[in-house]
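Novice: Below are the sequence and a predicted model; questions follow.
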Amino acid sequence: MKNRSLVSIEDYSKDEILRILELSKHFEKNPNQKILDGKVIASLFFEPSTRTRLSFESAVSKLGGSIIGFSEAGSSSVSKGESLKDTILTVSKYSDLIVMRHPLEGAAKYASEVSRVPIVNAGDGANQHPTQTLLDLYSIKKTQGTLSDLNIFLVGDLKYGRTVHSLLMALSNFNPVFNFIAHPKLRIPIEYKLYLDELGIKYYEHTEFTDIISRADIIYMTRLQRERFSDPVEYEKTKNVYVLRNEMLENTKDNLRILHPLPRVNEINEDVDSNPKAYYFEQAENGVYARQAIISSILGLS
Amino acid sequence: MKEEKKLQVSAIKDGTVIDHIPAKNLFKVIKILNLVSLEDPVTFGSNLDSSKLGKKAIIKMSNKYFDDEEINKLILVAPQARLNIIKDYQVIQKKQVKVPERIMGIAKCVNPKCITNNENVVTKFKVMYNKNVDLKCLYCEKITDQDHIEIII
């Protein structure tokens, strides 16, 4: 992993994923270590993403590294018409590693080709967001004790949700059973079903959000994005159908945990927050440790 | 007499003949193989009758030989093309287009939000061959299927 960019979750083998999760555990025990002392991490957010950016910046700060960068394209040279290539070439002279979020798909891959320092993809359009996947996996392993043989329910926008697609691919290394719950218009795309068929992984599709969740080990909720609907009325109708409420959790398994990449809108009712099965804010915290593990392993410091 | 005249125009002593090009893609083949840069004689015929293709085109190039990598680029526009390598008026070798692993440049990614459609980036695809030739973009990972392939050179 040393000196290698992390653009797509598929850049890491099963063993490498497990190594990152081990390291995340190590950082959770000791989050404040000055191993990035003297290192400069560039944080280039060509589109705003408060949560991901703060999580990365917290991870770096706790390890004693410095951060340079911008939090939206408007406050950077991009607004003067600079190409991505020139921005990356320049910033790679100032930094040891570049974390980037970009609205265009494939931007991180391209940056990794032109950059002289490793790139960590913090989201490229609707394509990949591998650090989110690693923190999701860490959260699952931490709460279930294993990644293997779990019954995973994915709910919400399964068509456009990139976190869902990457998580599905990464978990496919660990013999899961998937249950997909989505509006017919937001069903899991055919290419992912073919992918699962090829691997012989079981999955079930549902349009109703009912007591089938009693079998779940993990429920992974996602947000419906308003911009995916051409008709605002359709959005308003759909977003109230796939809502998780506390009373729905009554007959669920004790080990069940509810994950959500956040931010949520209304798809998890606030009455769930105090249920011990709610895990999304801890999940966000895990993001700091997972990102510490990713950055330090790429820089060869762990 | 007429037959003989036709042969004189089209026969070449040394070089390459590409046959079985779909007539509508003749100029794309010319572009992809960059035949404009050749200095020796090049002749082509188009809209010739073909039992396989309906209308076909043929190109004859004197003193020009291609390596396989160049020829395999034709998978997008003339997958059934046949090459005859000519030495001293004799066909000494025949070649077919094979499916390359990757295609660089030539085609456009169908995804408008792909970096290759927004910055000056040479496109790069993994070729997924399964009856049709579909291209998987190595940047945005979206698939451009055969019906939507747009040649950009």
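Specialist: Noted; the coordinates are in hand.
Novice: Domain ranges for chain B, per the record?
Specialist: Chain B breaks down into these domains under automatic domain parsing: B:15-96, B:102-151.
Novice: hey, which of those is tucked in deepest?
Specialist: domain B:102-151 (a mean of 18; mean count of other Cβ atoms under 10 Å in any protein chain shown). Glycine gets a C-beta too; all of them are placed from N, C-alpha and C.
Novice: So which bits of chain B are right by chain A?
Specialist: B:111, B:113-116, B:118-121, B:137-143 (Cβ under 8 Å from any Cβ of the partner chain).
Novice: and which of those is nearest to chain A?
Specialist: If you rank the residues of chain B next to chain A by distance to chain A using Cβ to the nearest Cβ, residue B:139 comes first, at 2.7 Å.
Novice: contacting residues for that closest one?
Specialist: A:105, A:106, A:107, A:109, A:110, B:109, B:114, B:115, B:116, B:121, B:123, B:124 (Cβ atoms under 8 Å, 6 or more residues apart in numbering or on different chains).
Novice: Let's see which of these end up in helices.
Specialist: A:107, A:109, A:110 (DSSP state H).
Novice: Next, find the distance separating the first one from residue B:55.
Specialist: It stands for residue A:107. 42 Å (Cβ to Cβ, to the nearest Å).
Novice: what pLDDT, on average, does whatever helix or strand residue A:24 lives in get?
Specialist: Element membership of residue A:24, judged by DSSP states H and E, is helix A:14-29. Helix A:14-29 carries an average pLDDT of 97.
Novice: what comes up buried for the helix or strand just after it?
Specialist: Per DSSP H and E, helix A:14-29 leads on to strand A:40-45 as the next helix or strand towards the C-terminus. For strand A:40-45, burial by neighbour count (16 or more other Cβ atoms under 10 Å in any protein chain shown) applies to A:40, A:41, A:42, A:43, A:44, A:45.
Novice: Any idea how many residues pack against the residue in the stretch 201-302 of chain A that chain B sits nearest to?
Specialist: Of all residues in the stretch 201-302 of chain A, residue A:227 sits closest to chain B, at 12.3 Å by Cβ to the nearest Cβ. Burial of residue A:227 is recorded as 7 neighbouring residues (other Cβ atoms under 10 Å in any protein chain shown).
Novice: can you redo the domains of chain B as TSV with mean pLDDT?
Specialist: Formatted as TSV, the domains of chain B follow (pLDDT from 0 to 100):
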stretch	mean pLDDT
domain B:15-96	93
domain B:102-151	93
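Novice: Next to chain B, which bits of the stretch 151-300 of chain A? Give me the list.
Specialist: For the stretch 151-300 of chain A, the residues in contact with chain B (Cβ under 8 Å from any Cβ) are residue A:191.
Novice: Show me the helices in the stretch 151-300 of chain A, by range?
Specialist: For the stretch 151-300 of chain A, helices defined by DSSP state H, counting those that start in this stretch occupy the ranges A:162-171, A:190-199, A:232-239, A:280-298.
Novice: Can you flag the weakest of those by average pLDDT?
Specialist: Per-segment mean pLDDT for the helices of the stretch 151-300 of chain A reaches its minimum on helix A:232-239, at a mean of 86.
Novice: Output the buried residues of strand A:40-45 as JSON lines; include the columns pLDDT.
Specialist: Output for these, formatted as JSON lines (pLDDT from 0 to 100):
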{"residue": "A:40", "pLDDT": "98"}
{"residue": "A:41", "pLDDT": "98"}
{"residue": "A:42", "pLDDT": "98"}
{"residue": "A:43", "pLDDT": "97"}
{"residue": "A:44", "pLDDT": "97"}
{"residue": "A:45", "pLDDT": "96"}
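Novice: Distance to chain B added to these, as a markdown table?
Specialist: Shown next, in a markdown table, are these (distance: Cβ to the nearest Cβ, whole Å):
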| residue | distance to chain B |
| --- | --- |
| A:40 | 25 |
| A:41 | 23 |
| A:42 | 19 |
| A:43 | 20 |
| A:44 | 14 |
| A:45 | 16 |
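Novice: give me the residue from chain A nearest chain B.
Specialist: For chain A, Cβ to the nearest Cβ, closest residue to chain B: residue A:106, 2.7 Å.
Novice: if I look at that residue, how far off is residue A:213?
Specialist: 36 Å.
Novice: Buried residues of stretch A:223-230, list them for me.
Specialist: Those would be A:223, A:224, A:225, A:228, A:229, for stretch A:223-230 by 16+ other Cβ under 10 Å.
Novice: typo on my end, stretch A:3-20
Specialist: A:5, A:6, A:7, A:8, A:9, A:11, A:12, A:17, A:18, A:19, A:20.
Novice: Can you pull out the residues in contact with it?
Specialist: Residues contacting stretch A:3-20 (Cβ under 8 Å, 6+ apart): A:1, A:108-109, A:112, A:115, A:118-121, A:124, A:128, A:130-131, A:133-134, A:137-138, A:166, A:169-170, A:173, A:290, A:293-294, A:297-298, A:300, B:141.
Novice: That one: end-to-end distance?
Specialist: 15 Å (Cα to Cα, to the nearest Å).
Novice: got the contact list for residue A:176?
Specialist: Taking Cβ under 8 Å, 6+ apart as the test, what residue A:176 contacts is A:149, A:150, A:151, A:152, A:201.
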